[in-house]
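Asks: Need a 3D model of the following:
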Amino acid sequence: MLKPHVLLLYPKTGFDYGSTVAPPHSLLAVAAPVLKAGYSVKLLDQRTQTVNENILERFISNDLICVGISSMTGTQIRNALQLSKLIRKLTDGKVPVVWGGAHPSIIPEQTLMNENIDIVVVGEGDDTFLELVRAIENKYELCNVKGVMYKNDKENIKTEERTLLDVENLLPVPWQLIDVEKYIHRDMYIKECSRVLDLGQTSRGCPYQCGFCCSATIRKRKWRALSAEESVDMIVDGVKRFKLDGFWLRDDEFYINRERAYKICEGIIANNLDVKFYTSGTRVDVFMKASDEEVKVLKRAGSHTLKFGAESGSQRILDLMKKGITVEQTLAANERCKKHGITPAFALMIGYPTETFDDINRTIDLGYRLKKENPMAELETMAPYTALPGTPDFELAIKHGLQPPDSLEDWIDWVIDEFDPDGKKIPWFNNKERSYIGNIAYMSILANALENVMGTTSNKYLRLFAIVASKAIGLYFSRKLKNKMYKFAPELLFIQYLRKKMFYKKCI
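Replies: Presented below is the predicted three-dimensional model:
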């Protein structure tokens, strides 16, 4: 007898290339409790496999309880909607379509306005989704499932909010649901490693106040962590099972508890893993509080790259966004990384409400000063500010003229269109100024990130060609950006066209 089963779908995001394709941890997390409860789970990832009508039809049967789809704001919504429509067609609307992820969690009511979506999981879905699956299977009232919003006679009903889970109760990642080899890459930062995998999180959340971050809404500014012992076990298991020479931890703030981080590093050393790793979240102020002994152990454990949110070269803008750091701390963290042989990767942002081009030029200057003072430093991109629902400064953006999309479909192009010709995203700048910001964004990608991304190409000969070509392109645009030559760059129109044609084309 077949087990009742659940189908989980992860849509393409819009830029899925090389090491940017990480395991679909959002779906793996909600799948683990469902599997433990005895259900069958199938997971399809549109970034690594073909997911079209013919493929989906194979997973449709009478014992299918529901279909879960994860989506972030931006292009992923379009692809998620395409999949939702196909599921609706293949099941004659008899199988509930459940959406989860950052975007539907923050705007559940607007998400449910779409006719192809039945239920939204609001917030962390680890516990919620299992309860939802049981309720749907047994035809229980959904009003008793905490943390969801659903349609009932064309009326949206939101249930009681679910408290944040205890991460110590998290189940192991159900790696058996995916082909892990498709997520093991050459890395864009740890260039000497060829088998690098995103192992997931050892903690969730962040207690800081940054105005551009949605963690305040989804995770209530609370930081919750696995014990050092559990974290080491997770890392050791992943490295040994998949024969990794490098790994990535996607914690929002791995180093916030320095004693815990120190113990994890000691555990890595004690297990003789001989790997290199990097983590997503590092604050320059926290890093500067660490002792030299802590940093040395970090290095000995294999810490290769620390990703810092430098955000801006303007102290006024840093204060406005409540980042809680100073430009001087960023420069000091850069120097300290140089001293200990650790690569700092800095994220920068431009186009914040009230920002002037004097502020923006300070950010450009900061980026090049970091590179000058530490040749090992990496600059990710100078990303245009994107006002996202659920972030503290969303209301600030509205105050300065932002008109949020009034339908789910209108959020599709919210993240990718750096040139913002219609002034939808950053209306506090005029058309000419928005084109300058778009030019800076593209120049920074081409100058700083292109070579790193191309270096993750799996084919040896194609990778060599891509690196040589991207290096030449990078040098050209780096020089232009450094000298503030961003007001006239017609060549970027062609590059923008190619980027959209290659990465934002329809998937089905």
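Asks: tell me which element Tyr278 is part of?
Replies: In the assignment (DSSP states H and E), Tyr278 maps to strand 276-282.
Asks: Report the backbone C-alpha coordinates of that strand in PDB.
Replies: What follows is strand 276-282, C-alpha atoms only, in PDB (Å, rounded to 0.1, in the frame of the first residue of the first chain):
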ATOM      1  CA  LYS A 276      38.100  25.400   4.600                       C
ATOM      2  CA  PHE A 277      34.800  27.200   5.200                       C
ATOM      3  CA  TYR A 278      32.900  30.500   5.200                       C
ATOM      4  CA  THR A 279      29.800  31.800   6.900                       C
ATOM      5  CA  SER A 280      27.200  34.300   5.600                       C
ATOM      6  CA  GLY A 281      26.800  36.600   8.600                       C
ATOM      7  CA  THR A 282      29.600  38.400  10.300                       C
END
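Asks: So which elements touch the helix or strand that comes right after it?
Replies: Following strand 276-282 in sequence order, the next helix or strand is helix 284-289 (DSSP H and E). Helices and strands touching helix 284-289, by 3 or more Cβ pairs under 8 Å, 6 or more residues apart in numbering; DSSP states H and E, are strand 303-311, helix 327-340. Every residue, glycine included, has its C-beta placed from N, CA and C.
Asks: shouldn't Met376 be in contact with His340?
Replies: No: Met376 is beyond contact range of His340, at 10.5 Å (criterion: Cβ atoms under 8 Å).
Asks: Provide the secondary structure category for Thr381.
Replies: Counting by DSSP: H, G, I helix; E, B strand; the rest coil, the backbone at Thr381 sits in strand.
Asks: Tell me how far it lies from Ala345.
Replies: 11 Å (Cβ to Cβ, to the nearest Å).
Asks: Walk me through the domains of this protein.
Replies: Per automatic domain parsing, the structural domains of the chain span 5-158, 184-503.
Asks: Turn those into JSON lines, columns for mean neighbour count, distance to Asp166 and mean pLDDT.
Replies: Shown next, in JSON lines, are the domains of the chain (neighbours: other Cβ atoms under 10 Å; distance: least, Cβ to Cβ, whole Å; pLDDT from 0 to 100):
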{"stretch": "domain 5-158", "mean neighbour count": "20", "distance to Asp166": "10", "mean pLDDT": "95"}
{"stretch": "domain 184-503", "mean neighbour count": "19", "distance to Asp166": "7", "mean pLDDT": "90"}
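Asks: can you put the ones you listed in TSV and add distance to Val167?
Replies: Compiled in TSV, the domains of the chain are given as follows (distance: least, Cβ to Cβ, whole Å):
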stretch	distance to Val167
domain 5-158	9
domain 184-503	5
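Asks: Quick check: which of these is nearest to Gln176?
Replies: Closest approach to Gln176 among those (Cβ to Cβ): domain 5-158, 8.7 Å.
Asks: Ends of the closest one, what's the gap?
Replies: 25 Å (Cα to Cα, to the nearest Å).
Asks: for it, the distance to its chain's centre please.
Replies: 18 Å (Cα atoms, centre = their mean, to the nearest Å).
Asks: Need the contact partners of the host helix or strand of Leu35.
Replies: Using DSSP H and E, Leu35 falls within helix 25-36. If you take Cβ atoms under 8 Å, 6 or more residues apart in numbering as the criterion, helix 25-36 is touched by 6, 8-10, 41, 43, 68, 70, 100-101, 121, 125-127, 129-130, 133, 170-175, 177-178, 198, 200-201, 250.
Asks: Repeat the analysis, applying 6 Å as the threshold.
Replies: Contact with helix 25-36 is made by 6, 8, 10, 41, 43, 70, 101, 125-126, 129-130, 133, 171, 173-174, 177, 200, as judged by Cβ atoms under 6 Å, 6 or more residues apart in numbering.
Asks: which element is the residue lying closest to Tyr208 once chain neighbours are set aside on?
Replies: Leaving aside its sequence neighbours, Tyr208 sits nearest to Gly324 (Cβ to Cβ, 6 or more residues apart in numbering; 6.0 Å). Using DSSP H and E, Gly324 sits in no helix or strand.
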